[in-house]
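Enquirer: the amino acid sequence is not available; the structure is as follows:
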């Protein structure tokens with residue numbers, strides 16, 4: 001019987017990691033509601049290369065993999081790690097910059113749910129400066145958002161409908177049409193947002 005060389009023994013494990021990585025890239029992109037063009041713009045990797053990666057037809061370099069991970073707000077290890085190796089308790093620390101989905105003078109969005117998990121729900125903390133707006137194009141059909149205002153005042157628009165929210169109010173609305181969250185107060189507004197994909 002012919003003995004397996006060490007390189008032959010490692011190959012199946014490497015193939016498994018590659019397959020999981022390719023599948024995870026597509027799942028994360030779809031969960032975000034991003035097109036290949038959107039992901040390409042976020043990570044600086046060509047659309048054609050991303051398409052090949054998702055179909056497991058390309059073997060990306062470490063640099064390309066790192067850029068894709070950064071676009072999703074993940075570490076390299078989180079993107080390529082096997083789910084079975086994940087801890088049972090996942091903590092997102094308040095100061096962890098990897099989970100700052102967006103951060104600028106008008107708006108800060110912090111992810112409160114681990115993006116590397118396969119899920120139909122995403123959880124965010126929003127901070128909007130006075131007059132700031134968070135406009136969103138339509139997500140996948142059936143998507144809804146659930147917003148709870150912790151501080152300040154907000155105006156929420158979903159399609160043609162508009163409502164005002166005060167501290168402690170919650171609203172649920174369609175997110176498969178154009179929608180907008182606007183700070184309608186004089187101070188900062190802080191809210192928690194849950195996005196549910198049907």
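Expert: Done, it's in. Since the structure is predicted, the reported quantities are computational estimates derived from the model, not experimental observations.
Enquirer: SS state for residue 26?
Expert: Recorded secondary structure, residue 26: helix (DSSP: H, G, I helix; E, B strand; the rest coil).
Enquirer: other SSEs contacting the helix or strand where residue 192 lies?
Expert: Assigned by DSSP states H and E, residue 192 belongs to strand 189-196. The helices and strands touching strand 189-196, judged by 3 or more Cβ pairs under 8 Å, 6 or more residues apart in numbering; DSSP states H and E, are strand 121-128, strand 144-151, strand 179-183. For glycine as for every other residue, the C-beta is placed from the backbone atoms N, C-alpha and C.
Enquirer: element containing the nearest residue to residue 125 once chain neighbours are set aside, please.
Expert: Closest residue to residue 125 apart from its sequence neighbours, by Cβ to Cβ, 6 or more residues apart in numbering: residue 110 at 4.5 Å. Element membership for residue 110 (DSSP H and E) is strand 107-111.
Enquirer: what's the closest of the helices and strands packed on strand 189-196 to residue 161?
Expert: Residue 161 sits nearest to strand 179-183 of all the helices and strands packed on strand 189-196, at 9.4 Å, using Cβ to Cβ.
Enquirer: tell me the buried residues in that closest one?
Expert: Applying a neighbour-count criterion of 16 or more other Cβ atoms under 10 Å, one finds 179, 181-183 buried in strand 179-183.
Enquirer: is it possible to get a markdown table of those that adds pLDDT and distance to residue 49?
Expert: Formatted as a markdown table, the buried residues of strand 179-183 follow (pLDDT from 0 to 100; distance: Cβ to Cβ, whole Å):
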| residue | pLDDT | distance to residue 49 |
| --- | --- | --- |
| 179 | 96 | 32 |
| 181 | 97 | 34 |
| 182 | 96 | 37 |
| 183 | 96 | 39 |
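Enquirer: point out where the protein drops to low pLDDT.
Expert: 1-14, 81-90, 97-101, 115-119 (pLDDT under 70).
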